[in-house]
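Can you look at this prediction? I've put the sequence above it.
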Amino acid sequence: MRNYEIMFIVSPNAAEEDIDKINSQIEGVITAGGGKAEKIEKLGKRRLAYIVNKFREGSYVLFTIQADGAIIREVERRLRVMDLVIKYLTVRMDDDMKRLDKIKAHRQKRAARRGRAHAEAGERRGASPVEQMPEE
Amino acid sequence: MAIQKQYYRRKKVCKFCVERIDNINYKDVKLLSQFVPERSKIMPRRISGVCTPHQRLLSDAIKKARNIALLPFASE
């Protein structure tokens, strides 16, 4: 299972209920395949940066999901078939998340080390150890 | 024989390193649009001063954003 984000644009003519219907359909596909829809976000209507299918604006929807390749393939096929969906994009997130966690862990380690070094220096000088972590 | 520069040029620094922005996300249009001038080309490193690893992440994010119509491919 991998983490993905699927973002798609629904045509501006679609009613709110239509969007909800699409969302529940997609969610159904994901859960049926054994995946999990972690977050479904309606980002609202936005102006498109360029014209897509003669539309200048569209409603964005963002899915944050856990799934595997087969589910993604099925979801993308469904999105392609739907007339109201004018564009979609799937992005794999787990590599990115791993990278961010690594950077975060590295930062924390460095901050901790620096804090300790400060404290030791303080003791040697006979002063009380520094309580606060130095600002990064 | 080097000609001495008449004026002092400020050293460019990578915005992402300085502000410690780790997450260059394709959804963050506000951040990305700082690096696409009006012709909507990706700003080169020599102008923006972004470091190589961050420029790579940045250009990936901009290309994703273009795909989902958050940023333009080209504009006059």
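Ah, there it is. The shown structure was predicted, so the numbers you read here are calculated from the model rather than taken from an experiment.

ok now the helix or strand encompassing A:S24, how far from the chain's centre?
Using DSSP states H and E, A:S24 falls within helix A:16-32. Mean C-alpha position of helix A:16-32 versus that of the full chain (CA atoms, centre = their mean, to the nearest Å) differs by 18 Å.

so for it, what's the average pLDDT?
Helix A:16-32 carries an average pLDDT of 89.

ok, and for it, which residues are buried?
Residues of helix A:16-32 classed as buried: A:19, A:22-23, A:26-27, A:29-30 (neighbour count, 16 or more other CB atoms under 10 Å in any protein chain shown). Bear in mind the C-beta positions are built from the backbone N, C-alpha and C, glycine included.

now do stretch A:46-61
Judged by neighbour count (16+ other CB under 10 Å), stretch A:46-61 contains these buried residues: A:48-49, A:52, A:55, A:58-61.

tell me, which of those make contact with chain B?
A:48-49, A:52, A:58, A:60 (CB under 8 Å from any CB of the partner chain).

Next, give phi and psi for B:N67.
Phi and psi for B:N67, reported as degrees, to the nearest 10, are phi -60, psi -30.

For it, give me its contacts.
Neighbouring residues of B:N67 by CB atoms under 8 Å, 6 or more residues apart in numbering or on different chains: A:87, A:89.

mind checking pLDDT for it?
pLDDT, B:N67: 91.

ok, it to B:Q6 distance?
Distance from B:N67 to B:Q6, counting by CB to CB, to the nearest Å: 45 Å.

One more: B:V18?
From B:V18 to B:Q6 the distance is 27 Å (CB to CB).

Compare those two (neighbour count), which wins?
More neighbours surround B:V18 than the other of B:V18 and B:Q6, with 9 against 5 (other CB atoms under 10 Å in any protein chain shown).

Keep only those of the ones next to chain B among the buried residues of stretch A:46-61 that are in strands.
Per DSSP state E, strands hold the following members of those: A:48-49, A:52, A:58, A:60.

what about the residue nearest to B:S33 when sequence neighbours are not counted, helix or strand, and which?
Leaving aside its chain neighbours, B:S33 sits nearest to B:L71 (6.8 Å; criterion: CB to CB, 6 or more residues apart in numbering or on different chains). Under DSSP H and E, no helix or strand contains B:L71.

State the phi and psi torsions of B:L71.
With angles defined as degrees, to the nearest 10, B:L71 sits at phi -130, psi 150.

just A:G33 next, same as before
Per degrees, to the nearest 10, the backbone of A:G33 is at phi -80, psi 0.

Next one: the closest residue to it other than its chain neighbours from chain B, what distance?
Closest residue in space to A:G33, ignoring its immediate chain neighbours: A:I71 at 3.8 Å, by CB to CB, 6+ apart. Distance, A:I71 to chain B, using CB to the nearest CB, to the nearest Å: 20 Å.

which residues touch B:L58?
B:16, B:24, B:32, B:35, B:42, B:50.

what helix or strand is the closest residue to the first one other than its chain neighbours on?
Okay, so that is B:F16. By the measure of CB to CB, 6+ apart, the closest residue to B:F16 outside its immediate chain neighbours is B:H54, 4.2 Å from it. Here B:H54, judged by DSSP H and E, is contained in helix B:52-67.
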